[in-house]
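In: this one's sequence-less:
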Ligand code: GLU
């Protein structure tokens, strides 16, 4: 079978939810069509004086339940189709967690490792100014994603604010704390993945203490997931980055210190693993926390984990999913498992609107409440309809968007 694109995957998941909800063909048309798509050229003056052109994207997949919301990805492989797919996932994610948002995604097809810091800043600012007419705290609120972080958000906030003539912190989330960022946002996605993993262990009747975990990815999501799970008493046995994986390290903090100092995971005493070996380790929990298509028809049959918690967006293809279901592996789907990031983004936006900032404990406890409520809703839906957790999560999210569409009616 040909490889499925992220858009094929997202569309087939939506198709299935529409069938399960017995929605009409008209509903499918409405739900499967992105509302607004923007492609921009982003010229960059390199440090050596050359000018290069990059492609930038912003997709506002839905604005039915509120302003659109979603990250900005800097990655060489990003294109319009993938941006649409990821914006669609954001739509169901925000609806599932009941945040008052639609869904969006953006990005630039660029390898950030090729850019100096000042080139990254110029590219980010020019991209922001190209998409400026369609973003804003009431329209569409970008945030970090793969290849971007709080520095990029600071430049985006500044570019928007300079154009507005006053400070507009609520235009992006995931900002540095001093610019109106929220406590707890940096670790939020990983914290949410960890909460999901703990709950999934409960569902499967596996004891939390000493449960084993393999994590693909050691970036913004993978690292914080590892730290949170280690604090919960689980044993992280393997992690990987783009170059491959390692096992045999003493703890995550030591490995992270080595990674920071040397730029690689090969700390003394560790053994190397390939990505495929990591994915097929005999562990309790496997966490894909890197890019799309990590688990496919080609490798799913070799997976021995009892639980998969999707830290990344769209890490499993439908072909891979079918095999995991047959093997009775519990998959906590991306739109639930990694929703901690956008949940705390929502808190950041609320704090910016009110100019009133919460304590770290308030952020943590509100994150826990929303994630646990969503988790229980998905668990109950999966049980009552006898469907997979992915199907259940999509059914809940898609139903909320469909209902909002119906209640708003069609203009004119
Ligand atoms: N990029 C993250 C995600 O995929 C966060 C989005 C946000 O905070 O708006 O969920």
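Out: Sure thing, it's come through. None of the values given here were measured: they were computed from a predicted structure.

In: ranges for the strands of the stretch 251-400 of the chain?
Out: With DSSP state E, counting those that start in this stretch as the criterion, the stretch 251-400 of the chain has strands at 271-273, 285-288, 307-309, 330-332.

In: tell me the most buried of those?
Out: A comparison of the strands of the stretch 251-400 of the chain by mean neighbour count, using mean count of other Cβ atoms under 10 Å, puts strand 285-288 on top with a mean of 30. For every residue, glycine as well, the C-beta is placed using N, CA and C.

In: so is that strand next to the ligand?
Out: No: using Cβ under 6 Å from any ligand atom, we find that strand 285-288 stays clear of the ligand, coming within 13.8 Å at best.

In: in a markdown table, list the strands of the stretch 251-400 of the chain along with mean pLDDT.
Out: Below are those laid out as a markdown table (pLDDT from 0 to 100):
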| stretch | mean pLDDT |
| --- | --- |
| strand 271-273 | 97 |
| strand 285-288 | 98 |
| strand 307-309 | 98 |
| strand 330-332 | 98 |
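
In: quick check: residues of the protein near the ligand?
Out: Contact residues, the chain versus the ligand (Cβ under 6 Å from any ligand atom): 69-71, 143, 145, 173, 313, 338, 341-342, 345.

In: let's see 5 Å
Out: With Cβ under 5 Å from any ligand atom as the criterion, the chain comes near the ligand at residues 69, 71, 143, 145, 341-342, 345.

In: element containing residue 105, please.
Out: In this structure, residue 105 is located in strand 103-108 according to DSSP states H and E.

In: packing partners of the helix or strand just after that strand?
Out: Heading C-terminal from strand 103-108, the first helix or strand you meet, by DSSP H and E, is helix 117-131. Counting by 3 or more Cβ pairs under 8 Å, 6 or more residues apart in numbering; DSSP states H and E, the packing neighbours recorded for helix 117-131 are strand 36-45, strand 51-62, strand 103-108, helix 150-164.

In: how far is helix 117-131 from where the chain is centred?
Out: Averaging C-alpha positions (Cα atoms, centre = their mean, to the nearest Å) puts helix 117-131 22 Å from its chain's average.

In: give the buried residues for that helix.
Out: 119-131 (16 or more other Cβ atoms under 10 Å).

In: quick one, it and strand 36-45 angle?
Out: Angle of helix 117-131 versus strand 36-45, following axes from the mean of the first three to the mean of the last three Cα atoms, to 10 degrees, is 140 degrees.

In: after helix 117-131, which helix or strand is next?
Out: strand 140-144.

In: before we move on, back to that, from the helices and strands packed on helix 117-131, which stretch is densest packed?
Out: The highest mean neighbour count among those, using mean count of other Cβ under 10 Å, belongs to strand 103-108: a mean of 30.

In: identify all contacting residues around that strand.
Out: If you take Cβ atoms under 8 Å, 6 or more residues apart in numbering as the criterion, strand 103-108 is touched by 42, 54-62, 68-75, 78, 83-84, 86-94, 123, 127, 131, 140-142, 145, 147.

In: in stretch 180-192, what counts as buried?
Out: For stretch 180-192, by 16+ other Cβ under 10 Å, it's 180-192.

In: next one: stretch 295-314
Out: Neighbour count says stretch 295-314 has 295-297, 300, 303, 305-314 buried, by 16+ other Cβ under 10 Å.

In: is it true that residue 57 touches residue 38?
Out: Yes: using Cβ atoms under 8 Å, residue 57 is in contact with residue 38, at 7.0 Å.

In: for the ligand, what is the nearest residue in the stretch 101-250 of the chain?
Out: As assessed by Cβ to the nearest ligand atom, the ligand sits closest to residue 143 within the stretch 101-250 of the chain, at 3.3 Å.

In: pretty sure that residue contacts residue 342?
Out: Yes: between residue 143 and residue 342 a contact is recorded at 7.2 Å, counting by Cβ under 8 Å.

In: so for those two, which residues contact both of them?
Out: 69-70.

In: now stretch 117-137: how far from the chain's centre is it?
Out: 21 Å.

In: what sits up against it?
Out: With Cβ under 8 Å, 6+ apart as the criterion, stretch 117-137 contacts 36, 38, 40-47, 54, 56, 58, 60, 67, 72, 106, 108, 110, 112, 115, 140-142, 148, 151-152, 155-156, 158-160, 163, 168, 170-171, 349, 352-353.

In: among the buried residues of stretch 180-192, which lie within helices?
Out: Judged by DSSP state H, the buried residues of stretch 180-192 include 188-192 as members of helices.

In: burial count for the nearest residue to residue 345 once chain neighbours are set aside?
Out: Closest residue in space to residue 345, ignoring its immediate chain neighbours: residue 173 at 3.7 Å, by Cβ to Cβ, 6 or more residues apart in numbering. Around residue 173 there are 30 other residues, counting by other Cβ atoms under 10 Å.
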